[in-house]
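Chemist: Dropping a prediction and its sequence here:
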Amino acid sequence: MKEEYTLIISLVIASAALITALLALIKYHSKSANINLLKTQIEGSELLISQLRLSLSDVQKQLILLNETLTNQQVENEQVSKQLEHRIKILNQDIKKQSETIEQVKLQQPEDKLYSRAQKLVLLGADVAELMTECDLPQAEAEMLVTLHKRKL
């Protein structure tokens, strides 16, 4: 019987060793599967990184082109601005000259004001006496304005 106990104990130990070996094999296989999964994920990440680098390179090229375009447009806008400033300066000078000329004309011909006023009065129906009084015109000139107005009608 002692031999039977020894045999049973040996079988139990052998069974335990076999079970331990099987468990170790299962654990190894599980880790191996995890390692393979991680390797696949790493390969996918590396592919994604490669694609991202290409996209980044394309975006950088586009930014360089856009920057060059914007620089060219800025230079062009500055040139146009300078041209416009020059034109404005010339136009302001022309306006100043014209204003001076208008003032000179106004000062040189005060009698033209009287004739313009007389003409307006005739259009409103003024007679010779009114023209003589209001515009300080001689009778002949007042009669002539009234006659010209009647002929136009």
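Modeler: Good, I have the coordinates. Because the structure is predicted, anything quoted here is derived from the model rather than measured.
Chemist: Determine the longest helix present in this protein.
Modeler: As assigned by DSSP state H, the longest helix anywhere in the chain is helix 2-108.
Chemist: which element follows that helix toward the C-terminus?
Modeler: helix 110-123 (DSSP states H and E).
Chemist: buried residues in that next one?
Modeler: 114, 117-119, 121-122 (16 or more other C-beta atoms under 10 Å). To be clear about C-beta, it is placed using only N, CA and C from the backbone, and glycine gets the same treatment.
Chemist: With stretch 124-140 instead?
Modeler: 126, 128, 130-132, 135, 137.
Chemist: Let me know the average pLDDT across that stretch.
Modeler: On average, the pLDDT along stretch 124-140 is 87.
Chemist: and what of stretch 104-121?
Modeler: 73.
Chemist: Let's have the buried residues of stretch 124-140 in CSV, adding distance to K61 and secondary structure.
Modeler: Formatted as CSV, these follow (distance: C-beta to C-beta, whole Å; DSSP: H, G, I helix; E, B strand; the rest coil):
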residue, distance to K61, secondary structure
A126, 83, coil
V128, 89, helix
E130, 86, helix
L131, 84, helix
M132, 88, helix
C135, 81, helix
L137, 84, coil
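Chemist: TSV for those residues, including distance to E143?
Modeler: Converted to TSV, these look like this (distance: C-beta to C-beta, whole Å):
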residue	distance to E143
A126	12
V128	5
E130	12
L131	9
M132	9
C135	13
L137	9
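Chemist: Of the residues you listed, just say which sits nearest to E68.
Modeler: Nearest to E68 among the buried residues of stretch 124-140, counting by C-beta to C-beta, is C135 at 71.6 Å.
Chemist: hang on, that closest one packs against R117?
Modeler: Yes. Judged on C-beta atoms under 8 Å, C135 makes contact with R117 at a distance of 5.6 Å.
Chemist: and the longest helix of the chain, how far from the chain's centre?
Modeler: 25 Å (C-alpha atoms, centre = their mean, to the nearest Å).
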